[in-house]
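K.L.:
this is a predicted model, with the sequence first.
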Amino acid sequence: MVEDFQSWLESYDLEKLFSDKRDKETIDKEMFLFVRSNDFDNYFSYDGDLGALYEKEGTLLRVWTPTAKTVEVWTYADDSIKKPSQKIAMVQKPKGIFEAYLPGDQHGTIYVYKILFLNNRESITIDPYARATTVNGTKSVITDLTRTNPDGWGDRLPAFGLPEEAIIYELHIRDFSISETSGIRNKGKFLGLTEKNTKNPSGISTGLDYLIDLGVTHIQVLPMFDYATVDEANLTEPQYNWGYDPLNYNVPEGSYSSNPFEPVNRIVELKQMIQTLHDNGLRVIMDVVYNHVYDPKDQALERTVPGYFYRYNADGSLANGTGVGNDTASERHMMRKYIIDSVKYWAKEYHLDGFRFDLMGIHDSVTMNAIREALDKIDPSIIIIGEGWEMTTPLPEDLKASQKNAQAMPRIAHFNDSIRVALKGSDFGDEKDRGFISGKNYQEDLLLRNIKGAMHLSSHSSYVDPEQVIQYVEAHDNLTLYDKLLRSNPNDSEEVRIKRHTLATSIVLLSQGVPFIHGGQEFLRTKEGVANSYNSPDEINQFEWERVTTFQKSVVYVKGLIALRKSEYLFRLHTHEEIDAHFTTLSENFNIVAFSLENEGKKYIVIFNANRNDTVFRVEKGKYAILVEDNQVFLERKAEAAMMEKILVKAHTTSVLYAENQNKKNI
């Protein structure tokens, strides 16, 4: 019990306990067990603000390090000077807190913490709550964040509509603009997403203008916090990484700024990017990676409270459910607080509109629900999505933030790998595995259940509503869909390959749930067969903007499907009850999936034909307008209905019919 633990603390001299003359290995082991105990977690839990609390009159520095004997703040006149200009002793407070007050305007002051622990080990560390850093994130910088706001930086955007109205487009800052074909000046930078009137060599719009024209609603950006695997001081050297290597969680990545040596530059330019996207009707989702750290020994969290922030196996080794060497322990009070504080900071300070949680299944559902609750107080329309994979981490199964436990996390969405596999085949093992779009048999029922918002799938998932379902066929991980089709259908002509590809994208965009497009998917992006391009060169990862010209018909088709989805609520129903009431299955065999959506006064019939041959599909006799056929969208045809009782659906294509004033169902 905490009361007993408190009595124990009061009756023992911790400094004496952990610094006597026993061997260091024994002392370190006892310290580790002490920190890992539930009593420690409960007793030292702290809910106040941490980090550099700036005011013009002075800054209060506050750090949580319960196993410290003493803590000093070391300040520096310049990042290039190794010797600190000041060493200031911090004052110990209850709950493991140490504080120091620096009078006067400290904007731009560089600092680190020097910690002496109870076991006489020492640590020099950046502030875990740092919001600005020197180049490569080695030292903290006190910052007046009001000085980082660009002109016109005001409040958040008004709340977004229902989650199902979102159409998410995933991109990497560098990929998007680094190619010579982009026509963008600020290549590979935050500012690259602020430029207008950019064109590829064929004169077709690129960059920001392209995104606006495409019609997506949310831009999901691969990690743009400070990560460890690009040297910000040597950007003239070829370097590339996706960014899933966390260093400083609350600091923007410096390699995406025009001057990583200037601490506020990256903050200003990221805000300029977000502001520009917002001004043009695009919202921003940030990819966050709280599930692990890059270097578990040399990370600020570990260097302030060794042994506390990670999850461990019974033998004392680091858990490795992530597969990258460590798992953070979100179930511990101060790790949970850290994640929540960080997410709130990004949402408030940078006006972000959503968060994508990498390997969310590592986290616990209590933490994820607490994040949802915290963001609701800022803006209930902030989107939370994540990879709810089942991870082999030492956390009780019923507490994991996984697809299987989705019902325990309402309004938190999961990537639906079931529709991905049903459409194109598995991404793992046999890369030649096929799915529905390649004519694999007996996929129709599974695909149809996914199209209905992943209803009644299996014990694998338990979605409460379609807003919990991210519908996708391609993301930054694994082979692009184009490259997958090259592997699984090597004998296809390019014409057939394009049709299979656009069929998959049309199914994603016309499914219930939240559609997700990998950047470049609409122009059949290739990574030259590289499945895991996390550190591949630009030649592999960059947007080849000339493909927009080559595959212009596909781009226009995807744009049309987006417009169709946005124009009709029936394609984005909000509950499973609504789907059951307005969705009718018409076919689910012989490589055909067809259904109708109807309410009072209107009806849509959607037919997906994955056969190599054209198919005649019979419909209830009536007047219909053909809105989609042969990879083209014709929204203007709604008023051009003609009597029909059958339609010819071309091979590997989608057809959509529209009728008015037939059967009536109310929404």
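P.N.:
Happy to help now that I have it.
K.L.:
so where's the protein shaky on pLDDT?
P.N.:
Residues of the chain meeting the criterion pLDDT under 70: 1-22, 458-461, 662-667.
K.L.:
next, give phi and psi for the residue nearest the centre of it.
P.N.:
Against the mean C-alpha coordinate of the chain, by Cα atoms, centre = their mean, the closest residue is Arg356 at 2.4 Å. Backbone geometry at Arg356, expressed as degrees, to the nearest 10, gives phi -110, psi 120.
K.L.:
next up, the contacts around it.
P.N.:
Residues in contact with Arg356, defined by Cβ atoms under 8 Å, 6 or more residues apart in numbering, are 220, 285-288, 385-386. Heads up, the C-betas are built off the backbone N, CA and C, glycines and all.
K.L.:
now a PyMOL select for only the buried ones of those residues.
P.N.:
Entered in PyMOL, the line below selects the buried ones among the contacts of Arg356, by 16 or more other Cβ atoms under 10 Å:
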select buried, resi 220+285+286+287+288+385+386
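K.L.:
which ones among the contacts of Arg356 are found in helices?
P.N.:
Among the contacts of Arg356, DSSP state H puts none in helices.
K.L.:
before we move on, back to that, if you skip the residues just before and after it, what's nearest to the residue nearest to the centre of the chain?
P.N.:
Asp287 (4.7 Å; Cβ to Cβ, 6 or more residues apart in numbering).
K.L.:
quick one: residues contacting the one you found.
P.N.:
Listed by Cβ under 8 Å, 6+ apart, the contact set of Asp287 reads 220-224, 243, 355-356, 358.
K.L.:
report the buried members of the residues you listed.
P.N.:
For these, buried by 16+ other Cβ under 10 Å: 220-224, 243, 355-356, 358.
K.L.:
can you redo the contacts of Arg356 as TSV with distance to Pro84?
P.N.:
Below are the contacts of Arg356 laid out as TSV (distance: Cβ to Cβ, whole Å):
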residue	distance to Pro84
Gln220	41
Ile285	39
Met286	34
Asp287	35
Val288	32
Ile385	43
Gly386	41
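K.L.:
now, which of the contacts of Arg356 sits nearest Ile267?
P.N.:
Taking Cβ to Cβ as the measure, Ile267 lies nearest Met286 of those, at 14.1 Å.
K.L.:
so what touches the longest helix seen in the chain?
P.N.:
Counting by DSSP H, the longest helix found in the chain is helix 333-350. The contact list for helix 333-350, computed with Cβ under 8 Å, 6+ apart, reads 41-42, 44-47, 50, 64, 128-129, 131, 145, 249-250, 270-271, 274, 286, 288, 290, 301, 305, 308-309, 328-330, 352, 355, 363, 366-367, 370-371, 374-375, 378-379, 382.
K.L.:
buried members of the residues you listed into PyMOL, please.
P.N.:
Those of the contacts of helix 333-350 that count as buried under 16+ other Cβ under 10 Å are selected in PyMOL with:
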select buried, resi 41+44+45+46+50+64+128+129+131+145+249+250+270+271+274+286+288+290+301+305+308+309+328+329+330+352+355+363+367+370+371+374+375+379+382
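K.L.:
in helices only, show me the contacts of helix 333-350.
P.N.:
Of the positions in the contacts of helix 333-350, 41-42, 270-271, 274, 301, 366-367, 370-371, 374-375 sit in helices, assigned by DSSP H.
K.L.:
quick one: the helices in the stretch 1-150 of the chain?
P.N.:
2-11, 14-18, 24-36, 38-43 (DSSP state H, counting those that start in this stretch).
K.L.:
how does this protein divide into domains?
P.N.:
Structural domains annotated on the chain: 2-148, 231-290+331-388+400-572, 576-660, as defined by automatic domain parsing.
K.L.:
of these, which is nearest Leu171?
P.N.:
Set against Leu171 and scored by Cβ to Cβ, the domains of the chain come closest in domain 231-290+331-388+400-572, at 3.8 Å.
K.L.:
next, the distance between the ends of that closest one.
P.N.:
Separation of the first and last residues of domain 231-290+331-388+400-572 by Cα to Cα, to the nearest Å is 43 Å.
K.L.:
perfect, I'm done here.
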